[in-house]
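> Here's my sequence, what's the structure:
(2 chains)
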Amino acid sequence: MANVIELEATDLASMLCSRVCHDLLNPVGAIGNGLEMLDDPSQAGMAEASRSLIASSAKQARVKLEFARLAYGASSSKAGSQIDTRECERVARLLFEIEKAELDWQVPLIMLPKNKAKLFMNMLLIAATSVPRGGKVVAKIEGATDAEVFTFTSSSDAALKQRTLMPASAEALLSGNPPEGVDARGIQPFYTGMLARMSDMSLDISLLDGEFRFAATPQVAAATAEIAPPETAPAETTETTPTETGSTEPKASSEGESASVAPEPAGSEPFTETDQKSA
Amino acid sequence: MKSCLIVDDSSVVRKVARRILEDIDYIVDEAEDGQEAMDKCRGELPDAILLDWNMPIMSGLEFLKLLRAYVGGERVHVVYCTTENDIGAIAMALKAGASDYMMKPFDRQMLESKFIDPVEYRRAS
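Numbers count the residues shown, from 1 in each chain, chains lettered A, B, ... in the order given. Predicted coordinates for the structure are as follows:
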């Protein structure tokens, strides 16, 4: 079993900033290209197309900013504060206006602790990444207050040349112990794993029979489920490693992958926040 | 006329690059990931490719390795397009077979300078 990588605060900040910059570069660059075309007399016939490009790029930039503010930021809210799922829904629906997949939102109107709301939004982004050519993503929250279970499922239609896949290195990054380390490209799933550990939730990610499933379960519930079968070893809570899921199905092929990511104790997390635990 | 395949998962980047490349007389085709690009290359190899690096399904690196191993694929002028100014990542792309690289965001002048004549480029190299 390997330990979770502990990033320096400055490294985490720079990687998340890189990620946001990367997400914004394309649409902001395209706005510049559109303005360049508008200023070019030889492109006069393209004025309408240029305005359309600027409008669609500005929308993309705005959506990515709004998403980043909630999923990576939300820093202006006070420690211990909560976020309304209506705000999550508003931002999620904006995101899916620029994603190819459709969103099926099955989330009750509740308040979530800030880190849980951020976790939920980051999981949503990973679920969207699992169907890059389009498909359907179902986002659900179930369970009692302070013991919510987050579930995302996504699927696609092969007849439409769509694909459902496991986002690259997602399992290792979520576990906090990717063999190649973490850089700006992998920081979003790595940060998702951090948020889960800070919220005392276990992550389970799988791709089986063309369906991608990604769930976050309260640590206590997950531990109970793992302890239940007498032949199953107790959950290890001091180390994190990607393992086979609770299912007894072996990882048979590249089309079927699954991993459970057990949480690290919140106290070992270098970026502990005061509102990380449910009241 | 020369042909160019734009490989990028961002529709706005494809749209912008298409417009600029068509203005310098390229016949342009698009692919939104490495796999779709490879499928198109198996049908007909373009003269040039503008290649994004981070894409779902098949990354720019995987695509480039397949392309260079494909018959005739070694002759295609491939410009690696990145948002990262990490010299290590750029070196990796060039080592993997990229002909040139370009940073995002790019403007018309920058893109034109990379694609103005890949035929000449191939002769020279």
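> For the residue in chain B that chain A sits nearest to, which non-adjacent residue is spatially closest?
Residue of chain B nearest chain A, by Cβ to the nearest Cβ: B:Pro105 (2.4 Å). (C-beta placed from N, C-alpha, C; glycine too.) Of all residues not flanking B:Pro105 in the chain, A:Gly29 sits nearest, at 2.4 Å (Cβ to Cβ, 6 or more residues apart in numbering or on different chains).
> and if you look at A:Ala127?
A:Phe152 (3.8 Å).
> before we move on, what about B:Met58?
Take B:Met58 and drop its neighbours on the chain: the residue closest to it by Cβ to Cβ, 6+ apart is B:Gly34, 2.9 Å away.
> any idea how far B:Lys15 is from that neighbour?
19 Å (Cβ to Cβ, to the nearest Å).
> And for A:Leu7?
Counting by Cβ to Cβ, the separation of A:Leu7 from B:Lys15 is 36 Å.
> helix/strand/coil for the residue nearest to A:Ala127?
Under DSSP: H, G, I helix; E, B strand; the rest coil, the three-state class of A:Phe152 is strand.
> That one: how many residues sit nearby?
22 (other Cβ atoms under 10 Å in any protein chain shown).
> Do I have it right that it meets A:Asn122?
No. If you go by Cβ atoms under 8 Å, A:Phe152 and A:Asn122 don't touch, sitting 10.7 Å apart.
> if I look at those two, which residues touch both of them?
Common contact partners of A:Phe152 and A:Asn122 (Cβ atoms under 8 Å, 6 or more residues apart in numbering or on different chains): none.
> what helix or strand does the residue nearest to B:Pro105 sit in?
helix A:9-39 (DSSP states H and E).
> repeat for A:Thr145
Per DSSP H and E, A:Thr145 falls between elements, in no helix or strand.
> Show the residue spans covered by the strands in chain B.
For chain B, the strands defined by DSSP state E occupy B:2-7, B:26-31, B:48-52, B:77-82, B:100-103.
> Just put the ones you listed in CSV and tack on distance to chain A.
What follows is these, written out as CSV (distance: least, Cβ to the nearest Cβ, whole Å):
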stretch, distance to chain A
strand B:2-7, 13
strand B:26-31, 11
strand B:48-52, 9
strand B:77-82, 10
strand B:100-103, 9
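> Let me have these in JSON lines, extended by mean pLDDT.
Below are the strands of chain B laid out as JSON lines (pLDDT from 0 to 100):
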{"stretch": "strand B:2-7", "mean pLDDT": "96"}
{"stretch": "strand B:26-31", "mean pLDDT": "96"}
{"stretch": "strand B:48-52", "mean pLDDT": "96"}
{"stretch": "strand B:77-82", "mean pLDDT": "92"}
{"stretch": "strand B:100-103", "mean pLDDT": "92"}
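> where does the chain dip in pLDDT?
Using chain A here. Regions of chain A meeting the criterion pLDDT under 70 cover residues A:1-2, A:75-80, A:221-259, A:261-279.
> that's the other chain; I wanted chain B
In chain B, residues with pLDDT under 70: B:117-125.
> residues from it in reach of chain A?
When proximity is defined by Cβ under 8 Å from any Cβ of the partner chain, chain B lies next to chain A at B:9-10, B:12-13, B:15-16, B:19-20, B:32-33, B:54, B:56-57, B:59, B:83-84, B:104-108.
> Please list only the buried members of those.
When the residues of chain B next to chain A are checked for burial by 16 or more other Cβ atoms under 10 Å in any protein chain shown, the buried set is B:9-10, B:12-13, B:15-16, B:19-20, B:32-33, B:54, B:56-57, B:59, B:83-84, B:104-106, B:108.
> For chain B, give me its nearest residue in chain A.
When scored by Cβ to the nearest Cβ, chain A has A:Gly29 as its residue closest to chain B, at 2.4 Å.
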